[in-house]
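**Student:** Let me see the structure of the following:
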Amino acid sequence: MNLSYLLKYFTPKEKKFYGMFNQAAIHCIEVSDELNKLFNSGSVDEQKAIRLKIKAIEKKADDVATEVFDALNHTFITPFDREDIHELAMTLDDVVDLIYSLSGKVEFYHLNSFSIYMKNMVAEIHKGCEQIQTAVNGLENFKNTDKTLKACKELNKLETRVDEFFHLGISSLFENEKDAIELIKQKDILTNIEKIANKIEDVSDVVKTILVKYA
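**Tutor:** Model prediction:
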């Protein structure tokens, strides 16, 4: 039995990371809720107000990620591998960043109407962010891994559902949209929503990696 193994089980670990991860997950929920509102908004003024909220959440999420990285530099014993902590923090922050980027594209393209496929996709994104919190919180206590793995499984299913809506949306777009510029805009929006779903699935992959190592 080597020293690192002994340290893993008998040295008190810094638990502040769990609070940071929970806060990062909360930001994912908040920003995805605003995204859902954006794609169901009824006016330009309402869209503008929502985008400002998304920007503010993105700033708070960046602050949490920075806090995690700073803590890594000042913590001797971490709850799990440093590279996994870094990867989880980065991936959670990426979810928020991609949503913020998408909201910017909506503004840049001057979009004020969205297809049913887009609305279904962003609704799934919000559900996924709620599952992210369940998955991330499960890392603090490895005794209930079934609940954590169930959340991860739901995130994998979500990505599949979003992918199905994406293909239906693209098919409908090419069949019905006659304006080439509008087609490009709409396709880009669909593609960027799918990227968010892929990143949410990445969160699931990181959590499962940690469970394999420590549960």
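**Student:** ok, and the closest non-adjacent residue to residue 202?
**Tutor:** Spatial nearest neighbour of residue 202, excluding adjacent residues (C-beta to C-beta, 6 or more residues apart in numbering): residue 91 at 5.0 Å. Backbone N, C-alpha and C define where each C-beta goes, glycine included.
**Student:** which helices and strands sit right next to the helix or strand harbouring that neighbour?
**Tutor:** Using DSSP states H and E, residue 91 sits in helix 82-108. The helices and strands touching helix 82-108, judged by 3 or more C-beta pairs under 8 Å, 6 or more residues apart in numbering; DSSP states H and E, are helix 16-38, helix 44-73, helix 116-137, helix 180-214.
**Student:** Output these in CSV, with distance to residue 148 appended to each entry.
**Tutor:** Formatted as CSV, these follow (distance: least, C-beta to C-beta, whole Å):
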stretch, distance to residue 148
helix 16-38, 12
helix 44-73, 20
helix 116-137, 6
helix 180-214, 6
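**Student:** Nearest to residue 81, out of these?
**Tutor:** Nearest of these to residue 81, taken as C-beta to C-beta: helix 180-214 at 6.9 Å.
**Student:** now the angle from the closest one to helix 16-38?
**Tutor:** Interaxial angle of helix 180-214 relative to helix 16-38 (axes from the mean of the first three to the mean of the last three C-alpha atoms, to 10 degrees): 160 degrees.
**Student:** Distance from the chain centre to the helix holding residue 91, please.
**Tutor:** Here helix 82-108 is found 7 Å from its chain centre; the criterion is C-alpha atoms, centre = their mean, to the nearest Å.
**Student:** Give me the angle between that helix and helix 116-137.
**Tutor:** Using the same axes, to 10 degrees: helix 82-108 against helix 116-137 is 160 degrees.
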